[in-house]
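Asks: Sequence and predicted structure, then a few things I'm wondering about:
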Amino acid sequence: MISPETRVQIRRYFYAEHWKIGTIATALDVHPDTVRRAIEVERFQHAEPLRPSMVDPYLPFVREVLEQWINQRFLGVQCTYGEDRAMTNFILAAGYDTVYQRSAVVHTVVPETYGKLCLMFLRWDRSYIREELRFARIVWKRPPLWRALALYESAVTNLRFPIGYLSIGLWIVHMFEDPGAFMRMLLAIAMAATVYVLYYLRSERSWDAVLGVVYAYFSFFALTWIFPYAALTLRARGWLTR
């Protein structure tokens, strides 16, 4: 037997996130047959009513948001990923607030190869662009203070893309005129990564933070192409890595 929480998680992975049965079984360390039984609707019904829950008053709204997500379309195609940000936008559009829950635990299957890592980031960036465009309309419904903060955060966050790619282009051009520009760029990457490393070290107390500098170089040389390509392929809807 599995707990009701695990059964709900299995059904969410299968119906909302479109994971395969084998992937779910691996992620949750259960037998594939257990997954199959959990996704059968007739087996999911309870003989006795569930105990009252603090979310019961919000169940109609929860069902409404889930229905909106299931039927969400963008550029004429159904949305099949990015449900976390999508449902957040649905909640904000309805006039509710959302907060960050640091103690939340999320189970997922992470890519272990460069190819699958790229596919995962493509999925993330496509859904990020899609939901940022949606949020640009929703933000005007927010209270004035939160609207101002959201606009500021969104502007700072998104300006990094044109500024970053313009800087890379100028650096490449300048490198042909001044070979020393290459070493200066490497130094600049290390200095920027150090800021994140120190923050991670302070919050997590783990020396794994030093790997952040290595990842910064890997990200710059091996992953920079992903965001522009994602912007040009927004209609793609496959999960790619699962």
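Replies: Sure, I can see it.
Asks: continuing past whichever helix in the chain runs longest, what's the next helix or strand?
Replies: Criterion DSSP state H: the longest helix present in the chain is helix 144-177. Next helix or strand after helix 144-177 toward the C-terminus (DSSP states H and E): helix 180-204.
Asks: which residues touch that next one?
Replies: For helix 180-204, the external contacting residues (C-beta atoms under 8 Å, 6 or more residues apart in numbering) are 171, 174-175, 206-210, 212-213, 215-217, 220. C-betas here are computed from N, CA, C, even on glycine.
Asks: Report the distance from that helix to the chain centre.
Replies: Relative to the centre of its chain, helix 180-204 is centred 24 Å away, using C-alpha atoms, centre = their mean, to the nearest Å.
Asks: likewise stretch 223-236?
Replies: Relative to the mean C-alpha coordinate of its chain, stretch 223-236 is positioned 15 Å out (C-alpha atoms, centre = their mean).
Asks: now stretch 214-229
Replies: Going by C-alpha atoms, centre = their mean, where stretch 214-229 is centred and where its chain is centred differ by 17 Å.
Asks: Sketch out the strands for this structure, chain order is fine.
Replies: Here the chain has its strands, by DSSP state E, at 73-74, 77-78.
Asks: Now mean pLDDT, distance to Phe90 and mean neighbour count too, for those strands, in JSON lines please.
Replies: As requested, those are arranged in JSON lines below (pLDDT from 0 to 100; distance: least, C-beta to C-beta, whole Å; neighbours: other C-beta atoms under 10 Å):
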{"stretch": "strand 73-74", "mean pLDDT": "90", "distance to Phe90": "13", "mean neighbour count": "14"}
{"stretch": "strand 77-78", "mean pLDDT": "86", "distance to Phe90": "15", "mean neighbour count": "10"}
